[in-house]
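> sequence plus predicted model, see below.
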2 protein chains.
Amino acid sequence: MTVIFSKKCEYGLQAVLYLAAHMDKNVVSAEEIAKKLNIPKEFVSKILQNLTESGIVYSKKGKSGGFALAKDPQKIKLIDIVAAIDGLGIFKSCVLGFPNCNPDNPCPLHGKWGELRSKAYDMLTEENLDAFKEKTLKKVMNIN
Amino acid sequence: MTVIFSKKCEYGLQAVLYLAAHMDKNVVSAEEIAKKLNIPKEFVSKILQNLTESGIVYSKKGKSGGFALAKDPQKIKLIDIVAAIDGLGIFKSCVLGFPNCNPDNPCPLHGKWGELRSKAYDMLTEENLDAFKEKTLKKVMNIN
DNA sequence: CTTAAATCAGACAAATTTATCTGATTATAC
DNA sequence: GTATAATCAGATAAATTTGTCTGATTTAAG
């Protein structure tokens, strides 16, 4: 059971945060990421391949290959990963599932949810990956 | 694609709001609800059966049967429906999917998401179904 | 009493999401 | 150059969610 993102997206966010926190290394293998984050290896591998296509992640093939961020972590925001994997639908759709929910034809929660959704969007937009580095390291250290 | 609730839960919330907005009627049939809300009939029927077991909805069997709220709409809150269908996991689980996310071992978004989550909980808790009556009627009128 | 219209119960089916497998390709290291 | 270890690509499988079907039961109405 996930909160707002799909499992794929959760894993993608975790993996990218991990990469940002390990910029010192040249590349990190899918296996290391899988082990450290307790994610099925083949699954996280697929997700990182997707993010490579999206231009967020760089991949190095062959022996001693692996993944790294494709750009400066200061130029990547969490919303970019969400957009690439789940899309931005959750920031447009009605929280109650009503069709055509908009200010002219709002659902009973439209106003209140709109505010929260906007703050959630900010949360994913205002800071870049570099800002999460230390917090990620601390968290990852305590997973296993 | 849903926002935070499962489709089942969205439908359940819509259906219960509909019932609250039609307290004047004795009972409302699953068919009427399905048509007015554009929900598959058999599906909403199942959901309302579940909510009947949960004690939120009352059901009248046989010809001219249907559903109604089991209690005073002033005593039912949206969180009750969410709890009955999806459970309250989304208000406890980590938004990034990390295990053991808590103040002592927080994920990078723990603090910020915690605030939003708390406000989302309030949104579902502070008002009772009676308060949504008019807004629901307006919205339902403009669906078809 | 019979018919009709509704919920109820449980199996079934379809669609989506999550996860795994197989083999090909690539590139490093020895 | 050969072995090794990694990504890549696509098929397959498992699990979950969403939706449908069938028939039984219940009850109101004529």
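Perfect, thanks for sending it. Residues are numbered from 1 along each chain as shown, chains lettered A, B, ... in the order given.

> please report how far the residue in chain A that DNA strand C sits nearest to lies from residue A:29.
Using CB to the nearest atom of the strand, residue A:62 is the residue of chain A that sits closest to DNA strand C, at 2.0 Å. The way it works is simple: take the backbone N, C-alpha and C, and place the C-beta from them, glycine included. Residue A:62 sits 11 Å away from residue A:29, taking CB to CB, to the nearest Å as the criterion.

> okay, these two: which has more neighbours?
Remark: of residue A:62 and residue A:29, residue A:29 carries more neighbours, 16 against 6, as counted by other CB atoms under 10 Å in any protein chain shown.

> skipping adjacent residues, who's closest to the more buried one in space?
residue A:66 (4.1 Å; CB to CB, 6 or more residues apart in numbering or on different chains).

> and residue A:102, by the same measure?
Closest residue in space to residue A:102, ignoring its immediate chain neighbours: residue A:110 at 7.8 Å, by CB to CB, 6+ apart.

> relative to residue A:72, how far out is the one you found?
38 Å.

> and the two? which has more neighbours close in?
Using other CB under 10 Å, the more surrounded residue of residue A:110 and residue A:72 is residue A:110, with 18 against 11.

> surely the more buried one meets residue A:101?
Yes. Judged on CB atoms under 8 Å, residue A:110 makes contact with residue A:101 at a distance of 5.8 Å.

> chain A against DNA strand C: which residues are in contact?
A:2, A:6-8, A:11, A:40-43, A:46, A:60-65 (CB under 7 Å from any atom of the strand).

> where do the helices sit along chain A?
For chain A, the helices defined by DSSP state H cover A:7-21, A:30-37, A:41-53, A:78-85, A:110-125, A:133-141.

> burial count for the spatially closest residue to residue A:142 that is not a sequence neighbour?
Nearest residue to residue A:142, sequence neighbours excluded (CB to CB, 6+ apart): residue B:105, at 5.0 Å. Applying other CB under 10 Å, we find 15 residues neighbouring residue B:105.

> tell me the residue in chain A that is farthest from the middle.
residue A:104 (32.5 Å; CA atoms, centre = their mean).

> distance of that one relative to residue A:110?
For residue A:104, the distance to residue A:110 - CB to CB - is 10 Å.

> dump the helices of chain A into CSV; add mean pLDDT and distance to residue B:92 as well.
Output for those, formatted as CSV (pLDDT from 0 to 100; distance: least, CB to CB, whole Å):
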stretch, mean pLDDT, distance to residue B:92
helix A:7-21, 98, 15
helix A:30-37, 98, 20
helix A:41-53, 98, 24
helix A:78-85, 98, 21
helix A:110-125, 98, 17
helix A:133-141, 97, 17
